[in-house]
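need a structure here:
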Amino acid sequence: MSQSPRQAIFITGAASGMGRETAKLFASKGWLVGASDVNMDGLKTLEQELGSENCWIHKLDVTSKPSFDAALEGFAEKSGNRLDLMFNNAGIGESGWFEDVPYDAAMRVVQINFVGALNGAYAALPLLKKTPNSLLFTTSSSSATYGMPRIAVYAATKHAVKGLTEALSIEWARHGIRVADVLPGLIDTAILRSTPNRTGDKPKPTEEQFYANVPKKGMFRLMPADSVAKCVWSAYHGKKLHYYVPDEIAWIDRIKGFAPNFIRARILKLFPAPTGR
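Below you'll find the predicted structure:
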């Protein structure tokens, strides 16, 4: 099959938040968008917004490699065997002290956040190899700069994504494929409201309380979802390995490199251990 001249991006977790904003941005730039998610209702409204000629939708559980392979095969028929950018974005969270998060819930985080990214890399590789200047891009997290308490397993999966990105950026250079990731801080998406607090010591805030309490400045200020979409666009046209949203998040990585105990002490002040636990 000859390749289409139209550039193509495949996105997981595209029904809402950062994935949806990325789909909208790339479609506005003339790209063909492959949008996947378990939320079919969200995908259908995205298809209506962008038009079926610009947006191919597919229900996908990223934890299933056969399903991921089938999704990419289907998209290849639509894109003319082309994949310029694979955006591994699907993710979930669980919060609470480590021992309060049920094992099965923690494993679900591992399966979606990391195994899902692995499945995406395996499934996309054949198409990425065929497409000049292609990019594998994955959503990591600011929690991959330093492991964060109360989201320990989530942070571990994002460290794994970051490590995989670094390794594949070297390995896949021999295929002509670029590899990078984004490490977002606090982004205004549904995951901030939907992540369960398994410890139960913090009541769920109302919408008004949420916006009143989030930081308004600093590296952990609340950022809009389209800030990550713009980062994905920049990454395709850039050469960096790690992208940070906002840029100041990078300072955690830099300081941790020579003063890890300093960073740990700062985080301990934010999350003091409760007595009697």
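
can you tell me the average pLDDT over the helix ranked longest in the chain?
What stands out as the longest helix in the chain, according to DSSP state H, is helix 152-171. For helix 152-171, mean pLDDT is 98.

And it, what's buried?
Neighbour-count burial for helix 152-171, counted by 16 or more other C-beta atoms under 10 Å, picks out 152-162, 164-165, 168-169. Glycine gets a C-beta too; all of them are placed from N, C-alpha and C.

Determine how far the following helix or strand past it lies from the middle of the whole chain.
Next helix or strand after helix 152-171 toward the C-terminus (DSSP states H and E): strand 178-184. Computed by C-alpha atoms, centre = their mean, to the nearest Å, the separation of strand 178-184 from the middle of its chain amounts to 9 Å.

Quick check: phi and psi on Asn54?
For Asn54, the backbone dihedrals are phi -110, psi -20 (criterion: degrees, to the nearest 10).

Now do the SS call for Val33.
The three-state label given to Val33 by DSSP: H, G, I helix; E, B strand; the rest coil is strand.

What is the longest helix of the chain packed up against?
On a contact count with 3 or more C-beta pairs under 8 Å, 6 or more residues apart in numbering; DSSP states H and E, helix 152-171 meets helix 103-110, helix 116-130, strand 135-139, strand 178-184.

ok, now which ones touch Leu127?
Remark: with contacts taken as C-beta atoms under 8 Å, 6 or more residues apart in numbering, Leu127 is in contact with Leu72, Ala76, Asn81, Arg82, Leu83, Met86, Ser134.

Now for those: which two are most distant?
The span of the contacts of Leu127, defined through C-beta to C-beta, is set by Asn81 and Met86 at 14.0 Å.

More neighbours: which of the two?
Legend: neighbour count by other C-beta atoms under 10 Å for Asn81 and Met86, higher for Met86 (28 against 17).
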